[in-house]
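Asker: Whatever this is, show me its structure:
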Amino acid sequence: WEHITLNPENDIQKQIDLVESCISQGINAFFIQSVDSVAIIPVLKKALNAGIYIFAEGEVEKSLSEYPNAYFASYDHVTAGQLCAKAVAEAIGNEGKVGIIAGLAGANNTIRRSEGFRNYFTDNNLNIDVVNEINCNWDRALAMSAAEDMIMANPDLKAIYSMGEEMAWGVVEAVEASGKDIKVITIDASQRTVQMVMDGRMYAAIGCPPRSFTGIAFDIYKTILDGGEVTEHIYDVPATYITKENASMDLADY
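Answerer: Okay, here's the model as predicted:
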């Protein structure tokens, strides 16, 4: 076994180029977390047609389900957004102003995480107003700056929902510097983030466990490349709900 890690740095064109590189190198299999689950489809089809085994997130399943060498982790980004909204509602007493620090503009997971979050308030008739949504491309520094602007523009802001934990770390810095009691909720739950929840610096974290994705992928590839067969193609990965009341390192994503 030779393991190669390729980092697209949140650049979809770079990720497409890296998949092309995998094809040209004759890689047997790869796991991919797509930067943009729509734009990545053509090159993934090219890789699958070349006989490469692929394990990907569930957003691409509909486009690739016809391929017998494609496998998927079913993580529901809408549900993750809903759980973040539930945490916000609990944290601020079902009313008030909140902001969203979003991921990459136009990316499927960003759209779905926003949809789940916003619809939760509408579906439950809550008096919660989303004052702004700023795309920060999963970048901590951009998120910190955006949160600072959001806090300044909305003196009565009660909570900020960050779609990813690295952005949330920047948001926490901005909130703490402001001296205000603004609750921070995020998706992703590394040990660092879980510790922030345990310390009360962050209200809640919704897990998106990479071990559940990659662990399944390697089990599948080992079985197949050792001559076995894997007939199951979709694997559920649940979103964990972590607040100070239940937080422990056992719940950390990694």
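Asker: tell me the secondary structure for A56?
Answerer: Under DSSP: H, G, I helix; E, B strand; the rest coil, A56 falls in the strand class.
Asker: Now the residue in the chain sticking out farthest from the centre: phi and psi?
Answerer: For the chain, the largest distance from the centre (Cα atoms, centre = their mean) belongs to G227, which lies 33.2 Å off. Dihedral pair for G227: phi 100, psi 10, per degrees, to the nearest 10.
Asker: pLDDT wise, what is it at?
Answerer: Per-residue confidence (pLDDT) for G227: 94.
Asker: Same question for S190.
Answerer: Looking at S190, its pLDDT is 94.
Asker: what packs against the helix or strand of the chain with the lowest mean pLDDT?
Answerer: Every helix and strand in the chain was compared by mean pLDDT, DSSP states H and E; the lowest is helix 210-225, with a mean of 87. On a contact count with 3 or more Cβ pairs under 8 Å, 6 or more residues apart in numbering; DSSP states H and E, helix 210-225 meets strand 29-32, strand 53-57, strand 70-74. Bear in mind the C-beta positions are built from the backbone N, C-alpha and C, glycine included.
Asker: Need the ones you listed in CSV (columns: mean neighbour count, distance to T231 and mean pLDDT).
Answerer: Putting the helices and strands packed on helix 210-225 into CSV (neighbours: other Cβ atoms under 10 Å; distance: least, Cβ to Cβ, whole Å; pLDDT from 0 to 100) gives the following:
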stretch, mean neighbour count, distance to T231, mean pLDDT
strand 29-32, 21, 17, 94
strand 53-57, 23, 14, 93
strand 70-74, 21, 11, 93
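Asker: Now tabulate these in TSV and tack on distance to D219.
Answerer: Output for the helices and strands packed on helix 210-225, formatted as TSV (distance: least, Cβ to Cβ, whole Å):
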stretch	distance to D219
strand 29-32	11
strand 53-57	10
strand 70-74	10
